[in-house]
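[1] Just the structure for this:
(chains A, B, C, D, E, F, G, H, I, J, K and L)
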Number of protein chains: 12
Amino acid sequence: MSEKVYKKIKVTGCSTASYEKAIETAVHKAAESLRGLSWFEVTELRGGIGAEGAIEFQATLDVAFKVD
Amino acid sequence: MSEKVYKKIKVTGCSTASYEKAIETAVHKAAESLRGLSWFEVTELRGGIGAEGAIEFQATLDVAFKVD
Amino acid sequence: MSEKVYKKIKVTGCSTASYEKAIETAVHKAAESLRGLSWFEVTELRGGIGAEGAIEFQATLDVAFKVD
Amino acid sequence: MSEKVYKKIKVTGCSTASYEKAIETAVHKAAESLRGLSWFEVTELRGGIGAEGAIEFQATLDVAFKVD
Amino acid sequence: MSEKVYKKIKVTGCSTASYEKAIETAVHKAAESLRGLSWFEVTELRGGIGAEGAIEFQATLDVAFKVD
Amino acid sequence: MSEKVYKKIKVTGCSTASYEKAIETAVHKAAESLRGLSWFEVTELRGGIGAEGAIEFQATLDVAFKVD
Amino acid sequence: MSEKVYKKIKVTGCSTASYEKAIETAVHKAAESLRGLSWFEVTELRGGIGAEGAIEFQATLDVAFKVD
Amino acid sequence: MSEKVYKKIKVTGCSTASYEKAIETAVHKAAESLRGLSWFEVTELRGGIGAEGAIEFQATLDVAFKVD
Amino acid sequence: MSEKVYKKIKVTGCSTASYEKAIETAVHKAAESLRGLSWFEVTELRGGIGAEGAIEFQATLDVAFKVD
Amino acid sequence: MSEKVYKKIKVTGCSTASYEKAIETAVHKAAESLRGLSWFEVTELRGGIGAEGAIEFQATLDVAFKVD
Amino acid sequence: MSEKVYKKIKVTGCSTASYEKAIETAVHKAAESLRGLSWFEVTELRGGIGAEGAIEFQATLDVAFKVD
Amino acid sequence: MSEKVYKKIKVTGCSTASYEKAIETAVHKAAESLRGLSWFEVTELRGGIGAEGAIEFQATLDVAFKVD
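    Here you go, the predicted model:
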């Protein structure tokens, strides 16, 4: 009865606004092809620095979803 | 004279807005029962994903306070 | 001749009985859609605590299978 | 509304039977003085070896409970 | 505009020659079924030792590719 | 031709607003004396707690720049 | 019979003399309010640097005590 | 008087039954050639997956024994 | 007499040939501006994947040199 | 107003007396060329063993200083 | 029947040619006194830098062998 | 010519005086049965707390020695 199984995929989202927006971008992209997304774990925070000092925030997540 | 002692407690704050708001929620809750809060260390960033794709940001902190 | 390639997926199994049962549940679920499962590595042990103190053991694994 | 706060305490349970029993012992002891236990994370597995080779399994957990 | 998303898969490549060859084998196998491979991170280096002392180098990678 | 070299420096930025602002402060300070900033990796998130509960977000980064 | 439970608290002790003195300060402070202290694990060594180059050694410990 | 010295060896035990049985197998094998075994630390949990889905639990331990 | 001091810098070298070549490139670049290079520690192995599957090996090192 | 920036350098100090002396040696050497040293974090403790069993204690630190 | 036990020893091999050669040197040296070598895990990659910039690659391994 | 091999053993030394004394105790005990001790790495610092608050410092080391 309690023998649930979850699978986790690793995704990296990017945003020039914030890490929260980068995470939302990654989660919503994952939701396009997967059902039952349940939680995520942030495994890395990085960023790119553009020629004019513009910053791109990059968050890497393990996203978990329930497997039927 | 310099023999100060700090104690650390581990708390997790949640917010649908941002990790900063989740941290503030956790710190302010800790401040309700403890005096002398000094600093915190983020030990984990996770999140929940709701049925409609809504995200809850969850930050876990070690919060340090001075012991008299 | 020796240039084998393995792919690893990350899965979390749950069981109210034991971590071994949680692992078996995860491995057997993975075996439903993948062939050539070879080994696994336990990357996290957690658990849920129910209202009456019931415990659900949760094991997260990297499961490796051979890619043809 | 979503601004929940959890606190985590670190406990070590011991059992000559299994890690699952050691965990249950630790969780049930924590439940004697705390309400709202929600989940735990295993942070260390060790053991003692007695004079006659008897083994005591020792599991250390971060146990989370909701703060009102 | 900057809201790119990458997915990462974990693969292990093997070679009797070198870790570089093991990595190339893993990357090229991944390229057979995925487009847009961008970078990889080495997460583990191991090896097998044959009966006559022959060594098989095994490199595990997180390989990232862009998700459209 | 491909034999590029990058150097990384470790900097901590502070902001009462957010981690993103703390990061931008650190990156822009680094850009005052270094050319060719390319990317950064967040290695630690901490914070200070003021007497009135005000929070200062502190982000530590490894910032990479190309060496000519 | 063997089902002992220990709780661990995290404390930071400071001393201008040595890490051993910082640890003793932390352990003795903990002993003022807790009985049955059994062992500790050093989880972090840091220090402060004063205006004149004076050093304050700071040791963070998980201190374990038996729960009756 | 208190200047005890312990040595630690790293062993991996295997069992188709459970991690506890794998640990006992490793400890008892170590006890065949060493005296004064005192404690162990689990450093890795892995497993093998047989052709028919049979699982072999593999636990790696640092086993400590007192040196006279 | 024994009170030597070393400083470490973090550098990333790149090579399409091998990690050893990437390391040599980084060490030799560091030697252009620093004297007394003594040892290095590999802290990360990554790589870039070009459009045609070409691989660039990237090694990050902490390089230590003696401070007079 | 709160947007301070700190830079960290990694140094290794050596002493035949103690780790505290090794740390002081490293911090005082850093203070010869840098102003505003604020704190340090111990990242590694090692040692050398001389031909006659003499021990040299080696402490590696990240030393932080304020950037104006 | 499946209750195999492996022991692991930690060795460091050195080579001026490559990490693969350093590993082979360490494994072959271990094979001189041990039978049943099965696999190894790379736990650290370092190197020495000679006066003229010559590099010595140093690989540390946990080498496992079957215990009868 | 440069193909040296070192072996490392893991030992824990204890002292009521200091970690340096605990390390010396462990290194000198190792020197009773091994030749060519070269360096050590501190992998863990712990301690015991006696009934009257007396502290025993415990340092665990990987001690390396040259293999002929």
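[2] From now on I want contacts and neighbour counts done on CA atoms only, so please keep to that.
    Fine.
[3] Stretch A:44-62 close to chain B?
    No: contact of stretch A:44-62 with chain B is not found when judged by C-alpha under 8 Å from any C-alpha of the partner chain; the minimum separation is 8.7 Å.
[4] send the alpha carbons of that stretch over as CSV?
    Presented in CSV, the C-alpha positions along stretch A:44-62 are these (Å, rounded to 0.1, in the frame of the first residue of the first chain):
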residue,chain,number,x,y,z
GLU,A,44,23.9,23.7,-7.6
LEU,A,45,23.7,27.5,-8.1
ARG,A,46,25.9,29.1,-10.7
GLY,A,47,25.8,32.0,-13.1
GLY,A,48,27.1,33.4,-16.4
ILE,A,49,28.6,36.9,-16.7
GLY,A,50,27.9,38.7,-19.9
ALA,A,51,30.2,41.1,-21.7
GLU,A,52,28.5,44.1,-20.1
GLY,A,53,28.4,42.6,-16.7
ALA,A,54,24.9,41.2,-17.1
ILE,A,55,24.3,38.2,-14.9
GLU,A,56,22.4,35.0,-15.8
PHE,A,57,21.3,33.0,-12.8
GLN,A,58,21.5,29.2,-13.3
ALA,A,59,19.9,26.7,-10.8
THR,A,60,20.3,23.0,-11.1
LEU,A,61,17.6,20.8,-9.6
ASP,A,62,16.7,17.2,-8.9
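[5] Could you pull out the helices in chain A for me?
    Under the criterion DSSP state H, chain A contains helices at A:19-33.
[6] Tell me which stretches of it form strands.
    With DSSP state E applied, chain A shows strands at A:5-15, A:37-49, A:55-67, listed in chain order.
[7] Can you list the low-confidence ranges for chain A?
    Low-confidence segments of chain A, defined by pLDDT under 70, are located at A:1-2.
[8] What parts of it come near chain C?
    Contact residues of chain A with respect to chain C, defined by C-alpha under 8 Å from any C-alpha, are listed as A:2, A:3, A:4, A:5, A:6, A:7, A:8, A:9.
[9] residues touching the third one, list them.
    With C-alpha atoms under 8 Å, 6 or more residues apart in numbering or on different chains as the criterion, the residues that contact residue A:4 are A:66, A:67, C:13, C:14, C:15, C:25.
[10] so can I have TSV of those residues showing neighbour count and distance to residue B:21?
    TSV is the format used below for those (neighbours: other C-alpha atoms under 10 Å in any protein chain shown; distance: C-alpha to C-alpha, whole Å):
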residue	neighbour count	distance to residue B:21
A:66	17	28
A:67	18	32
C:13	26	32
C:14	28	32
C:15	24	34
C:25	20	38
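[11] Tell me the residues on chain A that lie near chain B, please.
    By C-alpha under 8 Å from any C-alpha, the part of chain A that sits against chain B consists of A:20, A:24, A:27, A:28, A:31, A:36, A:37, A:38, A:39, A:40, A:41, A:42.
[12] Please name the bridge partners of the spatially closest residue to the third one that is not a sequence neighbour.
    Read it as residue A:27. Here the nearest residue to residue A:27 in space, its sequence neighbours aside, is residue A:63; by C-alpha to C-alpha, 6 or more residues apart in numbering or on different chains that works out to 7.5 Å. Taking DSSP bridges as the rule, residue A:63 bridges to residue A:9, residue A:40.
[13] Residue A:63 and residue A:43 touch, don't they?
    No: Residue A:63 is not in contact with residue A:43 according to C-alpha atoms under 8 Å; the separation is 10.3 Å.
[14] In chain A, what residue comes closest to chain I?
    For chain A, the nearest residue to chain I under the criterion C-alpha to the nearest C-alpha is residue A:44, separated by 14.0 Å.
[15] Make sure that residue is actually in contact with residue A:61.
    Yes: with contact defined as C-alpha under 8 Å, residue A:44 reaches residue A:61; the gap is 7.3 Å.
[16] the more surrounded of those two?
    More crowded of residue A:44 and residue A:61, by other C-alpha atoms under 10 Å in any protein chain shown: residue A:61, with 27 against 15.
[17] check contacts around the closest residue in space to the more buried one that isn't next to it in sequence.
    Nearest non-adjacent residue to residue A:61, counting by C-alpha to C-alpha, 6+ apart: residue A:42, 4.5 Å away. Each residue near residue A:42 by C-alpha under 8 Å, 6+ apart is listed here: A:59, A:60, A:61, A:62, B:44, B:45, B:46.
[18] Buried ones among those residues?
    Burial by neighbour count, judged by 16 or more other C-alpha atoms under 10 Å in any protein chain shown, picks out A:59, A:60, A:61, A:62, B:45, B:46 from the contacts of residue A:42.
[19] Go through those and say which is closest to residue H:53.
    The shortest distance between residue H:53 and any of those, using C-alpha to C-alpha, involves residue A:62 and amounts to 26.4 Å.
[20] quick one: that closest one from residue A:44, how far?
    The span separating residue A:62 from residue A:44 equals 10 Å under the rule C-alpha to C-alpha, to the nearest Å.
[21] Next, residue A:50: phi, psi?
    Geometry field for residue A:50 lists phi and psi as phi -80, psi 170, criterion degrees, to the nearest 10.
[22] what about it, neighbour count?
    Applying other C-alpha under 10 Å, we find 13 residues neighbouring residue A:50.
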